[in-house]
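[1] sequence and predicted structure are below.
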Amino acid sequence: MPTRPTLLRCLAIAATTLAGCRSNKPASTPAPASAVGPAATSAATRPAQITDEMVSEGQSIFNNGSCTKCHGPNGAGGPNGPSLAAGSWTHISGGYDEIVHLVTTGVPKAEVKDPTRRFAMNPRGGMTPALTDDQVKAVAAYVWTISHRP
C-alpha cells in the first residue's frame, strides 16, 4: 500500500492534470526570442497592411541587400547602424508608416543623431536599382516585425 506522502503527490499531479484539461485556452508555445519573420509577431497585433508575404520578402531583401552592411544580419546592429531588433528608435517612434518613410527618404548625414555613426542612411536602400515602393514596404514590414517582437 502506498504511503500517505506518495498518495498526496499522486493526487496533486492528477488535480493539476485535470485542471489543465478543463482549461478553455488552447495550448500554445511562445515563439523563441530569436524568431524572425511572419511568426515572430501575431497577425492580430501588427498593422493590417503588413502581410506574411511582405515580411518574408522584406527579410530576404534586408538580409541579402545593403541593409546588413550597417544594421547587421537580421537587424541586430552593426558598426554604422543601430539594432533594429532592440525595439528602441533614434529618429522615429517605430510605427510602420514612419519606417516606410524613413526607408524611402533615408537619413542624411547632417540628421544622424548618433555621432558614432559615420555614414548617412541612403534612400531606398542605397542600391542600384533603388528599391521599388513595394520593396520598401516589404522591408519596412520586416523591420516593424523584428522591432516589435513579444
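    Yep, it's here. Numbering: from 1, shown residues only.
[2] what's around the nearest residue to K109 once chain neighbours are set aside, how many residues?
    Of all residues not flanking K109 in the chain, A120 sits nearest, at 4.1 Å (CB to CB, 6 or more residues apart in numbering). Where you see a C-beta, it was placed from the backbone N, CA and C, and this is true even at glycine. Here the number of neighbours of A120 (other CB atoms under 10 Å) works out to 16.
[3] for stretch 93-109, which residues meet the burial criterion?
    Within stretch 93-109, the residues scored as buried using 16 or more other CB atoms under 10 Å are 94, 96, 99-100, 102-104, 107.
[4] identify the farthest-apart pair in these.
    Y96 and V107 (17.5 Å; CB to CB).
[5] need the residues that contact stretch 111-126.
    The contact list for stretch 111-126 (CB atoms under 8 Å, 6 or more residues apart in numbering) reads 61, 65-67, 70, 80-82, 90-91, 102-109, 130-131, 135-136, 139.
[6] now, those residues that are in helices?
    61, 67, 70, 102-105, 135-136, 139 (DSSP state H).
[7] any chance of those residues in JSON lines, with distance to T45 and pLDDT too?
    What follows is the ones in helices among the contacts of stretch 111-126, written out as JSON lines (distance: CB to CB, whole Å; pLDDT from 0 to 100):
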{"residue": "I61", "distance to T45": "23", "pLDDT": "96"}
{"residue": "C67", "distance to T45": "24", "pLDDT": "93"}
{"residue": "C70", "distance to T45": "28", "pLDDT": "91"}
{"residue": "L102", "distance to T45": "21", "pLDDT": "94"}
{"residue": "V103", "distance to T45": "21", "pLDDT": "95"}
{"residue": "T104", "distance to T45": "24", "pLDDT": "96"}
{"residue": "T105", "distance to T45": "27", "pLDDT": "95"}
{"residue": "Q135", "distance to T45": "24", "pLDDT": "97"}
{"residue": "V136", "distance to T45": "22", "pLDDT": "97"}
{"residue": "V139", "distance to T45": "20", "pLDDT": "97"}
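[8] export those to JSON lines and tack on distance to T51?
    Formatted as JSON lines, the ones in helices among the contacts of stretch 111-126 follow (distance: CB to CB, whole Å):
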{"residue": "I61", "distance to T51": "15"}
{"residue": "C67", "distance to T51": "20"}
{"residue": "C70", "distance to T51": "26"}
{"residue": "L102", "distance to T51": "20"}
{"residue": "V103", "distance to T51": "17"}
{"residue": "T104", "distance to T51": "19"}
{"residue": "T105", "distance to T51": "23"}
{"residue": "Q135", "distance to T51": "14"}
{"residue": "V136", "distance to T51": "15"}
{"residue": "V139", "distance to T51": "14"}
